[in-house]
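In: Have a look at this fold, sequence not included:
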């Protein structure tokens, strides 16, 4: 598994991370097998959020693997907070952030997080309050690094203005069928739908500011509408991916992730599967570097056009 150096930190992490959103419904044995497989495949980064399974995902993760100091040293663990589980509203208040982290650490049975991400933007966020919370968490040793998810360029810029710590991650949805952040950059100065900038050129902003993009839902289309692989709604895309997969002797799942990893932004792909065999297929993507033609063939087969 290739490693990524996270700028402004001392972290070198696996190119692919294991997303733990869906593990709440598994047994302890199933979670243990999944995490062990991830580690055996070279994954050392694990993505959580306090709302995943209403906290159950974090609990079963630590219980299933028998979390201890020796095992903890082999892992980078991040979690996210900011979505109030009681009402579903966003809450970046100092009190809520601090309370959330204490709950996360207790459920994960660890003294610290390698990274804490703010989970989607809060319209009522007061950056001064966020800064106070981050300082307390950093100085207490509870959180070592900080990031955001689904934030655009100016939202990050505003927050960073008040922080003493660098924002080092932005978690964003990206797949070949949800490639707006790439499609927009190819349609600059064009009066078409693909040229509409909805994210403040966040991909380029993150690259300029050394913020690592973590990509979620790499196999989904729409907003959790389903998987595009082996889906009759995407015949040309699947035909193209299958042909390239056969060329490399891997699965279509491998190629779909390899398409993301091929981008020079050096993004970290999040694999949210709970199937150990599929996880192994996803991990093979780290060993494949698609050619320019293969990358663009997949991009165009998804219905994207070049101006």
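Out: Received it, and whenever you're ready, just let me know what you need. Predicted model only: the values in this text are computed from it and were never measured. Numbering: from 1, shown residues only.
In: Confirm for me that residue 101 is in contact with residue 137.
Out: Yes. Using CB atoms under 8 Å, residue 101 and residue 137 qualify as a contacting pair, with a distance of 5.9 Å. Every C-beta, even on glycine, is put in place using the N, C-alpha and C of the backbone.
In: Could you verify that residue 116 is part of a helix?
Out: No. Residue state for residue 116 (DSSP: H, G, I helix; E, B strand; the rest coil) corresponds to strand; a helix is not indicated.
In: Bridged to it, which residues?
Out: Note on residue 116: beta-bridge partners by DSSP bridges are residue 79, residue 146.
In: Contact partners for it?
Out: By CB atoms under 8 Å, 6 or more residues apart in numbering, the contact set of residue 116 is 78-81, 101, 137, 143, 145-147.
In: Rebuild those residues as CSV, extending it with pLDDT.
Out: Putting the contacts of residue 116 into CSV (pLDDT from 0 to 100) gives the following:
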residue, pLDDT
78, 98
79, 98
80, 98
81, 98
101, 98
137, 98
143, 98
145, 98
146, 98
147, 98
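In: Tell me the one among those nearest to residue 67.
Out: Ranked by distance to residue 67 (CB to CB), the contacts of residue 116 are led by residue 79 at 13.7 Å.
In: if we look at the sheet, which residues does the residue most central in space within the chain bridge to?
Out: Central residue check for the chain by CA atoms, centre = their mean: the C-alpha nearest the mean position is that of residue 214, 3.5 Å away. Legend: beta-bridge partners of residue 214 under DSSP bridges are residue 171, residue 268.
In: correct me, but it touches residue 266?
Out: No. No contact is recorded between residue 214 and residue 266 when judged using CB under 8 Å, the distance being 11.2 Å.
In: got the contact list for the closest residue to residue 25 other than its chain neighbours?
Out: Of all residues beyond its chain neighbours, the one nearest residue 25 is residue 53 (7.4 Å), with distances taken as CB to CB, 6 or more residues apart in numbering. Residue 53 makes contact with 21, 23-25, 60, according to CB under 8 Å, 6+ apart.
In: Which residue ranges of the stretch 151-300 of the chain form strands?
Out: Using DSSP state E, counting those that start in this stretch, the strands found in the stretch 151-300 of the chain span residues 167-173, 212-216, 220-221, 226-227, 268-271.
In: These: which one's closest to residue 305?
Out: When the strands of the stretch 151-300 of the chain are ranked by distance to residue 305, counting by CB to CB, first place goes to strand 220-221 at 17.4 Å.
In: Mind listing residues that contact that closest one?
Out: With CB under 8 Å, 6+ apart, strand 220-221 has contacts from 173, 175, 177-178, 226-228, 231, 233-234.
In: ok, and what's touching stretch 84-103?
Out: Residues outside stretch 84-103 that contact it (CB under 8 Å, 6+ apart) are 50-51, 54-55, 81-83, 113, 116, 118-126, 129-130, 132-134, 136-137, 142-143.
In: Buried subset of these, written for PyMOL?
Out: Of those, the buried ones go into a single PyMOL selection, burial set by 16 or more other CB atoms under 10 Å:
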select buried, resi 50+51+55+81+82+83+113+116+118+119+121+122+125+129+130+132+133+134+137+142+143
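In: Could you tell me which of the contacts of stretch 84-103 belong to strands?
Out: The members of the contacts of stretch 84-103 that map onto strands under DSSP state E are 81, 116, 118-119.
In: Same list (these) but as JSON lines, adding distance to residue 186.
Out: Listed next are the ones in strands among the contacts of stretch 84-103 as JSON lines, based on distance: CB to CB, whole Å:
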{"residue": "81", "distance to residue 186": "35"}
{"residue": "116", "distance to residue 186": "33"}
{"residue": "118", "distance to residue 186": "29"}
{"residue": "119", "distance to residue 186": "29"}
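In: Closest one of those residues to residue 5?
Out: Using CB to CB, residue 116 is the member of those that sits closest to residue 5, with 19.8 Å.
In: what's the pLDDT at that closest one?
Out: At residue 116 the predicted local distance difference test score is 98.
In: where exactly do the helices run in the stretch 201-307 of the chain?
Out: Counting by DSSP state H, counting those that start in this stretch, residue ranges of the helices within the stretch 201-307 of the chain are 202-208, 235-248, 252-261, 276-283, 292-301.
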